[in-house]
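Q: just to be clear, the model below is a prediction. Sequence and coordinates:
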Amino acid sequence: MIRANLSFVIYDPNVIRVGTGSGDLTISQASTGAVDGNVILIKAGTYGRITIQNFSYASGTRVYIKNEGLVTMSAGMDINNVEGVTISGDHVPSIAKGFQFISNPGRAIRIGVKMQRTTLKSMYFENVADLCIASEPNINNQVYDNTLATRSDTI
């Protein structure tokens, strides 16, 4: 008698899986090929820095970046040039805050280039040395003048 332990994952064309569970991770629209309605799942683990950059979706469209288990960042998260994205640690029902920033040596989340129509939720911050969420001093290397070109909006 032959016995085998089989496991399988049901293929879902709307789900894109990224990450190895360690090291640094950069996620972009170009690297994932994400389109409206896609869910990008970050593999569980402890990462150094996660960079989310260069996503642009028209009004009324959205992509979701979520956790596939507990995702901890020891150096934080950078968000640059992101529009129409939800970044949320609520993918696993048993984990209330699936993105965790614990004992970060600097800022936990750095917004380096503007964000538009972006949601951040279900995150946990503990013992962050500087600020939990901070926007860099200028956006797109422009002086702030209260226009969309020089500010992050609808966060």
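A: Happy to help now that I have it.
Q: what about the helices in the protein?
A: 29-32 (DSSP state H).
Q: okay, now the unreliable bits of it?
A: In the predicted model of the chain, residues 1-10, 137-142, 149-151 satisfy pLDDT under 70.
Q: residue ranges for the strands of it, please.
A: With strands called from DSSP state E, the chain shows them at 15-18, 25-28, 39-56, 63-88, 99-102, 109-121, 123-126, 133-135.
Q: which among the ones you listed is found nearest to Asp153?
A: strand 109-121 (5.5 Å; CB to CB). Backbone N, C-alpha and C define where each C-beta goes, glycine included.
Q: give me the contact list for the closest one.
A: 53, 59, 62, 76-90, 101, 132-136, 139-140, 148-155 (CB atoms under 8 Å, 6 or more residues apart in numbering).
Q: would a markdown table of the strands of the chain with distance to Tyr144 and mean neighbour count be doable?
A: What follows is the strands of the chain, written out as a markdown table (distance: least, CB to CB, whole Å; neighbours: other CB atoms under 10 Å):
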| stretch | distance to Tyr144 | mean neighbour count |
| --- | --- | --- |
| strand 15-18 | 33 | 16 |
| strand 25-28 | 26 | 18 |
| strand 39-56 | 21 | 18 |
| strand 63-88 | 17 | 21 |
| strand 99-102 | 27 | 21 |
| strand 109-121 | 11 | 19 |
| strand 123-126 | 26 | 16 |
| strand 133-135 | 10 | 17 |
